[in-house]
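1. Got a predicted model here, sequence first, then my questions.
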Amino acid sequence: MPSLKKNLAHSARIINHLRIVRSSEHAEGLLARLSERHERATIVSWLNANALTIAHRDDGLRGNLLKSSILLRDGVGISILLRLLGMEAGTNMNGTDFIPRIIRSYAGKSVALLGTQEPYLSRAAAAVEKMGARVVLRMDGFEPPAFYAERLAGVEADLVILAMGMPKQEQVASYLAEKLERPCLILNGGAILDFLAERFPRAPYVWRRLRMEWLFRMIQEPRRLGRRYVVGGAVFIAHTFQMVFMLRNRLKNA
């Protein structure tokens, strides 16, 4: 029981760290601020049900999410959790939609793509350049954090997109933020490069409108995502009920 309470307290800290975007106007303002020159390395991460489930047991991921300069809500699961806790859920800021908007706001600026593998990495780079940004570095997502820091030290990247999956990309982001001397914006983008490369299809609009994109993705990739959404989803639901009953008051004081 003590360890459960401790883990739920950690989850409360992550939830309190969320940046709630309340409207499309608020999202536009955030986009404008992200496209400005930064004084230091700025990390943007996304919190979905899977991320919170992993962070519940992974101290490293939990710490790295809390190190994010901006943590945005992604998906219906976190929305339901926030509402059950009596908190505002705001707009869904999933990276698959928001990151391309960020890339377009960096038109004419330099971008580093770190993640996925060939040929998808090259296809993603071509898609990014069509949006107007200049790709100055691209690397697959299988190297240690220090390797990426060494390569980035030799280029001037205004925007760094990590697409290595969780929890590695969050670890790399925290490491880069500590080691890089040049300020930049670092995005923990999950599968964004694969989507830009059209390796995986987006769910049709009606599926997204009904908040069922997760089901579409699971149907497309049952081996990779089946356990995440079925088993992980059950764990998330259990944690949700625990948090609803135990964290309402704790959230105010976390």
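-> All right, it came through fine. Numbers count the residues shown, from 1 in each chain.

2. Nearest residue to the middle of the chain?
-> Residue closest to the average C-alpha location in the chain (CA atoms, centre = their mean): Trp46, at 3.1 Å.

3. That residue contacts Thr96, correct?
-> No. At 9.5 Å, Trp46 does not count as touching Thr96 under the criterion of CB atoms under 8 Å. To be clear about C-beta, it is placed using only N, CA and C from the backbone, and glycine gets the same treatment.

4. what ranges do the helices span in the protein?
-> For the chain, applying DSSP state H gives helices covering 2-17, 24-34, 49-55, 59-67, 76-84, 95-105, 120-130, 145-152, 168-179, 192-196, 205-209, 213-220, 222-246, 248-253.

5. related to what we said a few turns ago, anything in contact with each of Trp46 and Thr96?
-> Taking CB atoms under 8 Å, 6 or more residues apart in numbering as the criterion, Trp46 and Thr96 both touch Gly190.

6. What pLDDT does the model give Ser75?
-> Actually, residue 75 is Gly rather than Ser. pLDDT, Gly75: 85.

7. That one: what's it in contact with?
-> Here Gly75 is in contact with Asn48, Ala49, Asn92, Asn94, Trp214 (criterion: CB under 8 Å, 6+ apart).

8. Pull up the gap between it and Leu52, please.
-> Between Gly75 and Leu52 the computed distance is 10 Å (CB to CB, to the nearest Å).

9. Asn188 too?
-> Asn188 is 14 Å from Leu52, where distance means CB to CB.

10. again, but for Arg37
-> Arg37 is 32 Å from Leu52, by CB to CB.

11. can you check Asn92 too?
-> Counting by CB to CB, the gap from Asn92 to Leu52 is 15 Å.

12. And for Gly132?
-> Counting by CB to CB, the gap from Gly132 to Leu52 is 34 Å.

13. the more surrounded of the two?
-> Neighbours were counted for Gly132 and for Leu52 using other CB atoms under 10 Å; Leu52 has more, 24 against 14.

14. My guess is the more buried one contacts Arg13. True?
-> No. Using CB under 8 Å, Leu52 is not in contact with Arg13; the gap is 11.4 Å.

15. any idea how far Arg199 is from the spatially closest residue to Lys67 that is not a sequence neighbour?
-> Here the nearest residue to Lys67 in space, its sequence neighbours aside, is Ser174; by CB to CB, 6 or more residues apart in numbering that works out to 5.1 Å. Distance, Ser174 to Arg199, by CB to CB: 27 Å.
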